[in-house]
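Peer 1: Turn this into a structure:
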Amino acid sequence: MPTLVETVESIARQAASAQALIESAQRQAMRAADLNPIAYVDWGAALDEARRLDAEARAGRLRGPLHGIPVSVKDLFAVRGMPTQAGTRAPLPPLGRDEAVLVSRLREAGALVFAKTNMHEVALGATGENRWTGDVKNPFDPARQAGGSSSGAAVAVATGIGLAGIGSDTGGSVRIPAAFCGVTGFKPSFGAIPLAGALHLSWTCDHAGPLARCVDDCAVLFEAMARRRVAHGAPARRPRLAVPAAWLAGRLQPAVREAFERLLAALAAEQAELEHVVAPALALAWQCYTPIVRAEAAWVHRAALSVGAPGFSELVLPALKAGRALAAADYIDALKAREGVCAELDALLAGVDALVLPTSAVLPPLRGQDEIEVEGGRTTVREAVLGQTLPFSLCGLPTLSVPVGLVDGLPMGLQLVGRRDGDASLLALGRWIEAAVGVTPMPPEE
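Peer 2: Purely as a prediction, here's the structure:
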C-alpha cells in the first residue's frame, strides 16, 4: 500500500485524486458500518472539499505534505462545522475554540479532515464499549473489543475509511486500539502536539497522536501536528533494546508470550542487542496513575457531576465519582510518586535505544469481558491491557505500537518506548523494527 507521501505525489501528478480517496472511504464506511467506527460524517461536504483540493493540485498548488489525504479525528477534538459529543450524554465543558489547533495544522498541511470517530465515553476506558453510541467492534472479530479509547480511529484506518486517524492517549488510548486492530499508533512525547481545542481527560497525562498503516505515515502526520521535523532521527544500527522480563513474568497470555519470544529471537537474528532489565517503576505506575487521572477527570467534568443526573453511563460514572471524592493530599502524593517513576524510567532508557514489550498483555478480549487468564492466573482486562501502556503516558515518554501480524487470528502489537523527547530517534527505530518483524494484517472481507 502506498505511504501518505507517495499518495500525495500521485495526487500531484494526477495519478490519484482526493475525490477518489473520499469515494473509497465512503464505500468502506458502508461496508464496515456494523463495526460502528464513525460518530459524524458529511460525505457531501467531504466530496466538495476533495474537489477543491484536486483543482488546486491540477493548478500546481499543493497546500502541504498531506494534500488530499483523508484523515478522521476522534470525537473529542473540536472540528469546525462538526459536533463534538465525546461519546457521552453528559454536557461537556467549553473547549475554548471552534477548532482544535492540531486539526487546523492538519488542514494547513493539506489534509482532508472528513469525519469524527467513535470512542469510549469521555475517553475514560480502554475497551471501546459505549452504552450511548454503541460498541466499536474489532474488525478481525466483531465479538471482540476494538480497544480504547480511540476505538473508531483504529477501526477506520484498519478498514480503509480514510488513510489515517487522529486519537488521544492518556493511558494507552492510541496504542491499545492500534494493537487490537492491526495498525500503527504513535503517542509522542508529552506536549509535542498541542491540545488546545480538545476535551481533556487528565491534563497532566493527555497526549494526541496518529494512527496509520505504517511508521512513515505516523511520522508525516506527527510533523504536521507538532511542527517538528523528525527526519534527523538516526537510523537504527544494531539497536540496544531493553526487555522488562521480570515485570512481564506471569503477566502475559500464553499465546502472547510465545509470539513475543519469537519476535525477540527474530530481532536478535537481525543483530539487535537485547538486555533484560529490572523495572520496578512499571509496577508502581498503577499507584500513581489511577488517582491522578480520576481526580483530574472529575475536575474536568465537575459541572456535569454537580447535577443530579449527570448523563454519564454506569461504565464511567463510578470512576468519576471516585475522583471527586479523592482527598487533595492523596492526589498530591500520587503526583510526587510519579516523579520517582519518571526518574527510574529515564535512567533505564538512558543506556538503551528503547524499551520493548507487547503493547497488550493479551489478545483482544471479548466485548463485555472483565477478567482474563494470563500466565500468573486470572486478572482484570483493565490490568492486562492498560497496565502495559499507562506507565509511558504517565511519564510522557514517546511510545510506538507496531503491528507484528496475527496470533490465533487476532492482531498483536509490539510496543517501543523511547527516551524523553526522543521522538525522531524512536520513529527511526520504529522503521527498523517494522522492516525486521512488522506485519500489518488486513481484516477479513465483510
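
Peer 1: Just confirm Val136 contacts Ala146, I think it does.
Peer 2: Yes - using C-beta atoms under 8 Å, Val136 is in contact with Ala146, at 4.5 Å. Where C-beta positions appear, they are placed from N, C-alpha and C, glycine not excepted.

Peer 1: For the two, list the residues in contact with both.
Peer 2: Common neighbours of Val136 and Ala146 (criterion: C-beta atoms under 8 Å, 6 or more residues apart in numbering): 35, 128, 152, 155.

Peer 1: Kindly provide the distance from the first one to Ala86.
Peer 2: Computed as C-beta to C-beta, to the nearest Å, the Leu35 to Ala86 distance reads 20 Å.

Peer 1: Also the third one?
Peer 2: Distance, Gly152 to Ala86, using C-beta to C-beta: 12 Å.

Peer 1: Between these two, which has more neighbouring residues?
Peer 2: Higher neighbour count among Gly152 and Ala86: Gly152, with 34 against 26, using other C-beta atoms under 10 Å.

Peer 1: pLDDT value on that one, please?
Peer 2: Note for Gly152: predicted pLDDT of 98.

Peer 1: Can you tell me the closest non-neighbouring residue to it?
Peer 2: Thr117 (3.1 Å; C-beta to C-beta, 6 or more residues apart in numbering).

Peer 1: Over to Ser150?
Peer 2: That would be Gly167: by C-beta to C-beta, 6+ apart, it lies 2.8 Å from Ser150.

Peer 1: Secondary structure class of the one you found, three-state.
Peer 2: With DSSP: H, G, I helix; E, B strand; the rest coil as the basis, Gly167 sits in strand.

Peer 1: Dump the helix or strand hosting Leu53 to CSV, keeping only the CA atoms.
Peer 2: Assessed by DSSP states H and E, Leu53 sits inside helix 43-58. Extracted C-alpha coordinates of helix 43-58, given in CSV (Å, rounded to 0.1, in the frame of the first residue of the first chain):
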residue,chain,number,x,y,z
TRP,A,43,-20.0,12.9,2.7
GLY,A,44,-21.3,15.8,0.5
ALA,A,45,-19.1,18.3,2.3
ALA,A,46,-16.1,15.9,2.1
LEU,A,47,-16.6,15.4,-1.6
ASP,A,48,-16.8,19.2,-2.2
GLU,A,49,-13.5,19.7,-0.3
ALA,A,50,-11.9,16.9,-2.2
ARG,A,51,-12.8,18.5,-5.5
ARG,A,52,-11.3,21.8,-4.3
LEU,A,53,-8.1,20.1,-3.3
ASP,A,54,-7.9,18.3,-6.7
ALA,A,55,-8.4,21.6,-8.5
GLU,A,56,-5.5,23.1,-6.6
ALA,A,57,-3.4,20.1,-7.4
ARG,A,58,-4.2,20.4,-11.1
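
Peer 1: tell me the mean pLDDT over it?
Peer 2: pLDDT averaged over helix 43-58 gives 98.

Peer 1: what's the span of stretch 401-412, first residue to last?
Peer 2: 9 Å (C-alpha to C-alpha, to the nearest Å).

Peer 1: Would you mark the buried spots in it?
Peer 2: Neighbour-count burial for stretch 401-412, counted by 16 or more other C-beta atoms under 10 Å, picks out 401-407, 410-412.

Peer 1: Among those, which one lies nearest to Leu317?
Peer 2: Distances from Leu317 to the buried residues of stretch 401-412, taken as C-beta to C-beta, are shortest for Ser401 (29.3 Å).

Peer 1: Tell me the gap between whichever strand or helix holds the closest one and the middle of its chain.
Peer 2: In the assignment (DSSP H and E), Ser401 maps to strand 399-407. Computed by C-alpha atoms, centre = their mean, to the nearest Å, the chain-centroid distance of strand 399-407 equals 12 Å.

Peer 1: Quick check: mean pLDDT of that strand?
Peer 2: The average pLDDT within strand 399-407 is 98.

Peer 1: Quick one: list the elements packing against it.
Peer 2: In terms of contacts (3 or more C-beta pairs under 8 Å, 6 or more residues apart in numbering; DSSP states H and E), strand 399-407 is packed against helix 175-181, strand 184-187, helix 215-226, helix 254-269, strand 410-417, helix 423-437.

Peer 1: Identify whichever of the ones you listed lies nearest to Ala16.
Peer 2: Closest of the helices and strands packed on strand 399-407 to Ala16 is helix 215-226, at 15.3 Å (criterion: C-beta to C-beta).

Peer 1: so what pLDDT did the nearest residue to Gly172 once chain neighbours are set aside get?
Peer 2: With C-beta to C-beta, 6+ apart as the criterion, Gly172 has its nearest non-adjacent residue at 2.9 Å, and that residue is Thr389. Per-residue confidence (pLDDT) for Thr389: 98.

Peer 1: Identify the residues contacting Leu326.
Peer 2: Counting by C-beta under 8 Å, 6+ apart, Leu326 touches 291, 294-295, 298.

Peer 1: tell me the helices in the stretch 301-446 of the chain, going along the chain?
Peer 2: Assigned by DSSP state H, counting those that start in this stretch, the stretch 301-446 of the chain shows helices spanning 302-305, 317-325, 328-349, 381-386, 390-394, 423-437.

Peer 1: which regions of the stretch 101-250 of the chain sit below the pLDDT cut-off?
Peer 2: Across the stretch 101-250 of the chain, the ranges flagged by pLDDT under 70 are 235-236.

Peer 1: what's the residue closest to the geometric middle of the chain?
Peer 2: Nearest to the mean C-alpha position of the chain, by C-alpha atoms, centre = their mean, lies Val174 at 1.0 Å.

Peer 1: which parts of the host helix or strand of Ala246 are buried?
Peer 2: Counting by DSSP H and E, the element that carries Ala246 is helix 245-248. By neighbour count with 16+ other C-beta under 10 Å, helix 245-248 contains the buried residues 247-248.

Peer 1: tell me what it is packed against?
Peer 2: With contacts taken as 3+ C-beta pairs under 8 Å, 6+ apart, helix 245-248 sits against no other helix or strand.

Peer 1: how far does it sit from the chain's center?
Peer 2: Centroid separation between helix 245-248 and its chain, computed with C-alpha atoms, centre = their mean, is 24 Å.

Peer 1: How about stretch 55-71?
Peer 2: Taking C-alpha atoms, centre = their mean, one finds the center of stretch 55-71 at 26 Å from the center of the full chain.

Peer 1: ok, back up a step: comparing Val136 and Ala146, which shows the higher neighbour count?
Peer 2: It is Val136, of Val136 and Ala146, that has more neighbours when counted by other C-beta under 10 Å, with 36 against 32.

Peer 1: Okay then, goodbye and thanks.
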